[in-house]
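Asker: Based on what follows, work out the 3D shape:
(one chain, ligands or ions: 1)
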Amino acid sequence: MAFTFDDLQRACQSEWDAYIRHDFVQQLGNGTLAGDAFRHYLKQDYLFLIQFGRAYALAAYKSPTLDDLRQAKAGLEAIIGLELGLHIDYCRQWGISEAELQALPEARATMAYTRYVLDTGNRGDLLDLHVALAPCLVGYAQIGKWLSERPETVRGEANPYDHWICMYEGAEFQQAAAAEEAWLNRELAEISPRRFEQLVRIFRDATRLEIDFWDMGLNQRM
Ligand SMILES: Cc1ncc(C[n+]2csc(CCO)c2C)c(N)n1
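Answerer: Numbering: from 1, shown residues only. Okay, the predicted model is just below:
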C-alpha cells in the first residue's frame, strides 16, 4: 500500500486539530489576541526561523540527489535571504527593534522544538527531517486556509493580525506547502508499514511541539 501525507495527518488527528485550531490561532483570527502575546510569539519566531535555516542546511547535507540539494539550497536562501529580513521588518512594525531581537534569550518551547527537528534530521535521513518539518510548512498553510474560510475571522483594518493571515493564506505560501506535500507523497509511496509508524511518531512529536509553541506565545512563557 502507498502511504500519503493525509495518512500521517489522520494518524495524529487529535494532536493535529489541537495545533491548527489552537486558541492562539482562533484569537488571532478574531482579532482578540493580546498584543503582548503576539509580540512574544514574533520574537521567539525570529529565533525559530534562524534554527529553521540550519535545518535547511542540514537538509542539504542529507541530500542524496542533486535535485534534493537544489531544493534545500532554495529553502535556505528563502529563509536566510528573504524571510528573516521580512520578519525583522514586521517585528519593527510591532515595536520590536532588531537590537532587541539579537539580544533575546530562547524560550524553552523554542529550544525544544528546533532542537528536536535538528536532532531528528541528524539521526535519520532526509525523509525523517522533512517529516519533522512538515507540521511547520503544511500546518501553517492549513491554518491560513482555515482562518480565511471560517466566518468568525475578522478581516481588514479591524483586525491587527490581518497581515499575518494574508501571508499564510496567500497563493505563494499555499503553493510552497503543496509542493512539500507532493514531495512527501512521492517518498511515502515507497515505504513499509514499519517505516510509516516511525514517521508517525516524528510527525506527532513535531505537531505536539507546535502546540507548545502556541501555548508559549499565549502564556508569554520563557
Ligand atoms: C513556530 C512556527 N512554526 C511554523 C512557522 C511557519 N514557517 C516557518 S519557516 C517556514 C518555511 C519557510 O521557508 C514556515 C512555513 C513559523 N513561522 N513558526
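Asker: which residues does G124 contact?
Answerer: With contacts defined as C-beta atoms under 8 Å, 6 or more residues apart in numbering, G124 is in contact with I202. C-beta coordinates here come from the backbone N, C-alpha and C atoms, glycine included.
Asker: Which phi and psi values does the most centrally placed residue in the chain adopt?
Answerer: Closest to where the C-alpha atoms of the chain average out (C-alpha atoms, centre = their mean) is C136, at 2.0 Å. C136 adopts backbone torsions of phi -70, psi -50, taken as degrees, to the nearest 10.
Asker: what do you get for L184?
Answerer: Note on L184: backbone dihedrals following degrees, to the nearest 10 are phi -60, psi -40.
Asker: Would you state the predicted confidence (pLDDT) at the residue nearest to the centre of the chain?
Answerer: Per-residue pLDDT puts C136 at 95.
Asker: Name the residues of the chain found near the ligand, please.
Answerer: 45, 48-49, 52, 75, 78-79, 83, 136-137, 140, 210, 213 (C-beta under 6 Å from any ligand atom).
Asker: What does the pLDDT read for the closest residue to L104 other than its chain neighbours?
Answerer: In space, and not counting its chain neighbours, L104 is closest to K43: 5.6 Å by C-beta to C-beta, 6 or more residues apart in numbering. Turning to K43, the model gives it a pLDDT of 97.
Asker: ditto for F52
Answerer: For F52, the pLDDT comes out at 95.
Asker: nearest spatial neighbour of it, skipping sequence neighbours?
Answerer: Per C-beta to C-beta, 6+ apart, closest to F52 is I79, 5.9 Å.
Asker: before we move on, the earlier item: in this structure the residue nearest to the centre of the chain contacts Q51, no?
Answerer: No: counting by C-beta atoms under 8 Å, C136 stays clear of Q51, with 11.0 Å between them.
Asker: Quick one: neighbours of L86, just the number.
Answerer: When neighbours are defined as other C-beta atoms under 10 Å, L86 has 11 of them.
Asker: Please enumerate the helices of the protein.
Answerer: 5-11, 13-20, 23-30, 35-61, 66-77, 84-93, 98-102, 108-123, 126-149, 162-169, 171-188, 193-219 (DSSP state H).
Asker: and the fourth one, what does it pack onto?
Answerer: Secondary-structure packing of helix 35-61 (3 or more C-beta pairs under 8 Å, 6 or more residues apart in numbering; DSSP states H and E): helix 23-30, helix 66-77, helix 84-93, helix 98-102, helix 108-123, helix 126-149, helix 193-219.
Asker: Could you list the buried residues of that helix?
Answerer: By neighbour count on 16 or more other C-beta atoms under 10 Å, the buried set for helix 35-61 is 37-60.
Asker: so of the helices of the chain, which one's packed in deepest?
Answerer: Ranked by mean neighbour count under mean count of other C-beta atoms under 10 Å, these are led by helix 126-149, which reaches a mean of 21.
Asker: Which residue is the nearest non-sequential neighbour of F48?
Answerer: Nearest non-adjacent residue to F48, counting by C-beta to C-beta, 6+ apart: T110, 5.5 Å away.
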